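Peer 1: Give me a 3D structure for the following:
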Amino acid sequence: MPSRIAVIVIDALHPEVLAEFWCAVLGWQVVAVEADLVSIAPPDGTGPTIDLARVPEAKAVKNRLHLDLRADGRPTVDELQRLLALGARRTDVGQEPGSSWVVLADPEGNEFCLLSRSVEEVLGAS
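Peer 2: Below is the predicted model of the structure:
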């Protein structure tokens, strides 16, 4: 059997703050809190979890790995506005002008993308 992704770990100065942000973004919940770690997961327990791990230094360079999100249940433009209202901010990592995705950063600067096609558009195309 091949391996499966069990946990995605994001380093953070303030794991509690990032956990709150990502729970709001994904509709997830906190499932465990330790001294230097907060774990979040979907309410139904499916899929990998995300651990927010306390580190002593701030993020310094572009992520080598990032998450790509799709709007689910709303138009992508509305999802972008929701993410910005939650504390995400637009960022430039060298993407081409007119890219079909929007590059954002979470409150500690970790990049992630909002893809142009929603879940419904992708499922409807298949």
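
Peer 1: Now do the strands in the protein.
Peer 2: Secondary structure of the chain (DSSP state E): strands located at 7-12, 29-34, 37-41, 49-54, 67-69, 89-90, 101-105, 111-115.

Peer 1: Tabulate those strands (CSV), appending mean pLDDT, mean neighbour count and distance to residue 122.
Peer 2: For glycine as for every other residue, the C-beta is placed from the backbone atoms N, C-alpha and C. Converted to CSV, those look like this (pLDDT from 0 to 100; neighbours: other CB atoms under 10 Å; distance: least, CB to CB, whole Å):
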stretch, mean pLDDT, mean neighbour count, distance to residue 122
strand 7-12, 96, 17, 21
strand 29-34, 97, 13, 25
strand 37-41, 98, 21, 23
strand 49-54, 98, 20, 22
strand 67-69, 97, 16, 12
strand 89-90, 96, 12, 23
strand 101-105, 96, 19, 13
strand 111-115, 97, 19, 9
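
Peer 1: between these, which one is nearest to residue 125?
Peer 2: With respect to residue 125, and counting by CB to CB, the nearest of the strands of the chain is strand 111-115 at 12.9 Å.

Peer 1: Packing partners of the closest one?
Peer 2: For strand 111-115, the packing partners by 3 or more CB pairs under 8 Å, 6 or more residues apart in numbering; DSSP states H and E come out as strand 67-69, helix 76-86, strand 101-105.

Peer 1: Ok, which of the ones you listed comes nearest residue 20?
Peer 2: Nearest to residue 20, of the helices and strands packed on strand 111-115 and by CB to CB, is helix 76-86 at 9.2 Å.

Peer 1: For the closest one, buried residues please.
Peer 2: For helix 76-86, a neighbour-count test (16 or more other CB atoms under 10 Å) marks 76, 79-80, 83 as buried.
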